[in-house]
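Peer 1: below is the sequence, then the predicted model.
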Amino acid sequence: MTASGDLTYVHEGGQLPYDVIIGHGLAGQVTGLLANSRVVAVVRADSVAAIAAPIVASLVAAGHQVQEITVPAGESAKSLPALAALWDALAEAGVDRRDAVVAVGGGATTDVAGFAAATWLRGVQVVHVPTTLLAMVDAAIGGKTGINTAAGKNLVGAFHPPAGVVVDLDTLATLPSDEWVNGMAEVVKAGFIADPKILDLIDADIDGARRPDGPHARELIERAIAVKAEVVSRDLREAGPREALNYGHTLGHAIELVEDFRWPHGHAVGVGLTFAAALSQRTSGLDGDVAERHRRILDGLGLPTRYRADAWPELVEAMQRDKKARAGRLRFVVLEDIGRPVVIEAPDATVLESAYVAVTEGQG
């Protein structure tokens, strides 16, 4: 992570390296990443039209032919009908292999626009401009793209690293407080798997951590991005170290599926992290104080840490369909300690159920 004036650059290395640029008023940075493109398709939801406007103006001023394409808001964007409509719009815009897609929006927008870019003409470049905390620290970073199906979350997709990611902190001024808290689940995850300083900053000012204008907001964002970029630089296709990023997500994704994606991602991950900590106590010897720290931080931020006791059979079925499973055997990321994630496979069913009891409503 390097700084230049007000800008911070987080470099993601590996086979297809790029930078995450963090700062204020960054519409012009998007143009600088697309100098060789003729047509640029700006993909966004209606709700971020005002945020996309200066980006579009900057691209037009630089001589690009710009076509704005709207997608549905939220997880409904990550569907086959929405993807098909996006492909049709790219065809109508005349996007060829020299051209580009710019995704402006939350994680659902970057996921579907990135998948469209990965598959259109077998791959055109994409730049992500995330507008939610969740997208800034997670969805827009790392090159994972995809859509949901009835069978599960993100089961159809591709690895397609962007040409760059532009994190304009000015967009946080328009972010509802509940969306900030939603994204904090991924920031907390980054702290537990790799960067304890994140946890210390949250513990030091839990009230500030609940707000996008909190005193440590920028540092929390930069540290969480740096965690993900470092992991993905070593493992683009989730062959090894990248699995650590799934901490809390096996159960979290199952909750999203059972809830038909009505639960926000960060809420489901909040429960998933609490479950993963309980499972870590039972399988890898995680200290009870560290497990309790999960619940204390998540509760303090206003994220859920409990779920319905009667949902366990449905959740088990959903987890078995998760893309992290191998030959029907469940896999979980657990912690030996803060910053020491490991993967376990096919834990005993009674151990799993015991860990789930720790997150059921009304339980201690």
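Peer 2: Here it is on my side, so go on.

Peer 1: use CA for all of it now, contacts and neighbours both
Peer 2: Noted.

Peer 1: residues in contact with the closest residue to residue 329 other than its chain neighbours?
Peer 2: Nearest residue to residue 329, sequence neighbours excluded (C-alpha to C-alpha, 6 or more residues apart in numbering): residue 346, at 5.3 Å. By C-alpha atoms under 8 Å, 6 or more residues apart in numbering, the contact set of residue 346 is 329-331.

Peer 1: mark which of the residues you listed are part of strands, please.
Peer 2: Using DSSP state E, the members of the contacts of residue 346 that fall in strands are residue 331.

Peer 1: pull out the buried members of the contacts of residue 346.
Peer 2: Buried residues within the contacts of residue 346, counting neighbours by 16 or more other C-alpha atoms under 10 Å: 330-331.

Peer 1: just the closest of the contacts of residue 346 to residue 31, please.
Peer 2: If you rank those by distance to residue 31 using C-alpha to C-alpha, residue 331 comes first, at 41.6 Å.

Peer 1: I'd say that closest one and residue 342 touch.
Peer 2: No: with contact defined as C-alpha atoms under 8 Å, residue 331 does not reach residue 342; the gap is 10.4 Å.

Peer 1: and stretch 49-67, how far out from the chain middle?
Peer 2: Averaged C-alpha coordinates place stretch 49-67 at 25 Å from its chain's average position (C-alpha atoms, centre = their mean, to the nearest Å).

Peer 1: pLDDT of it, averaged?
Peer 2: Throughout stretch 49-67, pLDDT has a mean value of 97.

Peer 1: got a list of contacts for it?
Peer 2: 27-28, 30-31, 37-42, 44, 93, 104, 171.

Peer 1: give me that answer again for 7 Å
Peer 2: 27-28, 31, 38-42, 93, 104 (C-alpha atoms under 7 Å, 6 or more residues apart in numbering).

Peer 1: ranking these by neighbours, who comes first?
Peer 2: Among the contacts of stretch 49-67, residue 40 has the most neighbours (other C-alpha atoms under 10 Å), with 28 neighbours.

Peer 1: so what's that residue up against?
Peer 2: By C-alpha under 7 Å, 6+ apart, the contact set of residue 40 is 64-67, 99-102.

Peer 1: buried ones among the residues you listed?
Peer 2: Buried subset of those (neighbour count, 16+ other C-alpha under 10 Å): 64-67, 99-102.

Peer 1: below-threshold pLDDT in this structure: ranges please.
Peer 2: Under the criterion pLDDT under 70, the flagged ranges of the chain are 236, 239, 323-327, 362-364.

Peer 1: surely residue 208 and residue 218 touch.
Peer 2: No: taking contacts as C-alpha atoms under 7 Å, residue 208 lies outside contact range of residue 218: 11.6 Å.

Peer 1: distance from the helix or strand hosting residue 293 to the middle of the chain?
Peer 2: Using DSSP states H and E, residue 293 sits within helix 288-301. Distance, stretch centre to chain centre, for helix 288-301: 21 Å (C-alpha atoms, centre = their mean).

Peer 1: return the set of buried residues in that helix.
Peer 2: For helix 288-301, the neighbour count (16+ other C-alpha under 10 Å) marks 290-291, 293-295, 297-298, 300-301 as buried.

Peer 1: and the next element down the chain from it?
Peer 2: Scanning forward in sequence from helix 288-301 by DSSP H and E, the next helix or strand is helix 312-320.

Peer 1: so what does that following helix touch, helix or strand wise?
Peer 2: helix 249-258 (3 or more C-alpha pairs under 7 Å, 6 or more residues apart in numbering; DSSP states H and E).

Peer 1: now the angle from the helix it packs on to helix 312-320?
Peer 2: Counting by axes from the mean of the first three to the mean of the last three C-alpha atoms, to 10 degrees, helix 249-258 lies at 110 degrees to helix 312-320.

Peer 1: what's in contact with helix 249-258?
Peer 2: 152-153, 263, 265, 268-269, 271-272, 314-315, 318-319, 332.
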